[in-house]
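Peer 1: Predicted model and sequence below, questions to follow.
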Amino acid sequence: MKQLIAAGLRDSNKAKEDFYQANKDEICRLAAAIIDVLRNGNKILIFGNGGSAADAQHMAAEFVNRFLIERPPLAALALTTDSSILTSIGNDFSFDDIFVKQIAALAKEGDLAMGISTSGNSANVIKAIERAAEMGLKTAALTGGSGGRLAAMAHFSLNVPTTFTPHIQETHLWVEHLLCQLVDEEMFGERS
């Protein structure tokens, strides 16, 4: 067990370090874009499936409530939370449409759509990012492995260069928290 624990920690840390080395400039670019969106009175729409859905909800909560600084709420919405919308679209149309229909209904030019997909190939995330770009939104993708189709189509792309899903998800959570901190401190000052 101790060997498994040590190996898991080592590999998780390596995934984050590799991600950081490959994405440090893009992290700054995405943080600046989020700040610009929020300062202009627009919102962040975040979505993904499974663990990525949980990440979307977590990140939206950090923006709307607070992260580390007591500050006014920031406009963010997880498109993964309304079970009636998700199941009606999935039943009446297709699971591939659960995010694109919400983008069409809730987003406006100047917003930022953030799709999270460990493979980068989730059809419903790709479809929503395509529609968001057509509507004039900034788009961001958090992916893993090769980045899939999603990484190539977003304005901002953060890819974790491993195929091991747990380490991709751990790194996504790390960068989501980091983005929240960068936004907070740039907009409201460093935490005391």
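Peer 2: Okay, I see it.
Peer 1: Which positions in the longest helix along the chain come out as buried?
Peer 2: Looking across the chain with DSSP state H, the single longest helix is helix 2-39. Buried residues in helix 2-39, counting neighbours by 16 or more other CB atoms under 10 Å, are found at 12, 15-16, 19, 23, 27, 29-31, 33-35, 37-38. In this view, the C-beta of every residue, glycine as well, is placed from N, C-alpha and C.
Peer 1: Also stretch 62-74?
Peer 2: For stretch 62-74, by 16+ other CB under 10 Å, it's 62-63, 66-67, 69, 74.
Peer 1: show me where pLDDT drops low in the chain?
Peer 2: Applying pLDDT under 70 to the chain picks out residues 192.
Peer 1: and residue 108, how many neighbours does it have?
Peer 2: Applying other CB atoms under 10 Å, we find 10 residues neighbouring residue 108.
Peer 1: Now do the same for it: helix, strand or coil?
Peer 2: coil (DSSP: H, G, I helix; E, B strand; the rest coil).
Peer 1: got it, and the one 10 residues further on?
Peer 2: Using three-state DSSP as the criterion, the local structure at residue 118 reads coil.
Peer 1: Count the residues that sit near it.
Peer 2: 28.
Peer 1: Use 42 as the first number from now on
Peer 2: Noted, 42 is the first residue going forward, which turns the last one into residue 159.
Peer 1: That one contacts residue 209, doesn't it?
Peer 2: Yes - assessed by CB atoms under 8 Å, residue 159 is found in contact with residue 209 at 4.6 Å.
Peer 1: which neighbours do those two share?
Peer 2: 184-186 (CB atoms under 8 Å, 6 or more residues apart in numbering).
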